[in-house]
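Participant: Compute the structure for the input listed below.
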Amino acid sequence: AGIGNIHGVYPENWQGLNFDVLAKIQEKTGTMPLVLHGGSGLTDEDFQNCVANGIAKINIFTDINCAAARAAYDNYREGRGLTDLQNEITQAVKQETMKKMRVFGSVGRG
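Facilitator: Numbers count the residues shown, from 1 in each chain. Next up, the predicted model:
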């Protein structure tokens, strides 16, 4: 059974995650870590509900990828190439990653 998430950006008509199904999956699997494929675009509350219901790995490539693209776009000026933008892109990726880690409750955990 799935819980209703997808890869990439969620369409406007997306109905959200089915936490009842996630709770049932966790009940059946016990302490087995679960993976959320396609977490980009979810709310902080959704992420926290997922973690509370057994999700141990969350894929958020689209959110990280979009942060990098925004940094490149926001910092591009005529004559600046990719290597000139690399520091801003790296910092944006780092900031988005740290934000997600705080939401997931994984800061300081090994």
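Participant: wait, Q26 sits on A56?
Facilitator: No. Q26 lies out of contact with A56 (CB atoms under 8 Å); the separation is 10.5 Å. Using the backbone N, CA and C atoms, a C-beta is placed for each residue, glycine as well.
Participant: Show me whatever sits in contact with both of these two.
Facilitator: L34 (CB atoms under 8 Å, 6 or more residues apart in numbering).
Participant: all strands for the chain, in order.
Facilitator: 34-36, 55-58 (DSSP state E).
Participant: nearest to E12, of those?
Facilitator: strand 34-36 (20.8 Å; CB to CB).
Participant: ok, and what's touching the closest one?
Facilitator: Strand 34-36 is contacted by residues 3, 5, 22, 25-26, 50, 54-59 when judged by CB under 8 Å, 6+ apart.
Participant: Equivalent analysis for stretch 17-27, please.
Facilitator: So stretch 17-27 is in contact with 1-5, 34, 42, 46, 49-50, 53-55, going by CB under 8 Å, 6+ apart.
Participant: Which two of the contacts of strand 34-36 have the greatest separation?
Facilitator: Most distant of these, by CB to CB, are Q26 and N59, 18.0 Å apart.
Participant: Closest to the centroid, which residue in the protein?
Facilitator: Centroid check for the chain by CA atoms, centre = their mean gives I60 as the closest residue, at 2.9 Å.
Participant: Can you give me every residue that contacts that residue?
Facilitator: I60 neighbours (CB under 8 Å, 6+ apart): 39-40, 100.
Participant: In helices only, show me those residues.
Facilitator: K100 (DSSP state H).
Participant: Please convert the buried members of the contacts of I60 into PyMOL selection syntax.
Facilitator: A single PyMOL command selects the buried members of these (16 or more other CB atoms under 10 Å):
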select buried, resi 39+40+100
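Participant: In JSON lines, list the contacts of I60 along with distance to E88.
Facilitator: Listed next are the contacts of I60 as JSON lines, based on distance: CB to CB, whole Å:
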{"residue": "G39", "distance to E88": "25"}
{"residue": "S40", "distance to E88": "21"}
{"residue": "K100", "distance to E88": "19"}
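Participant: List the contacts of V9.
Facilitator: 40-41, 62.
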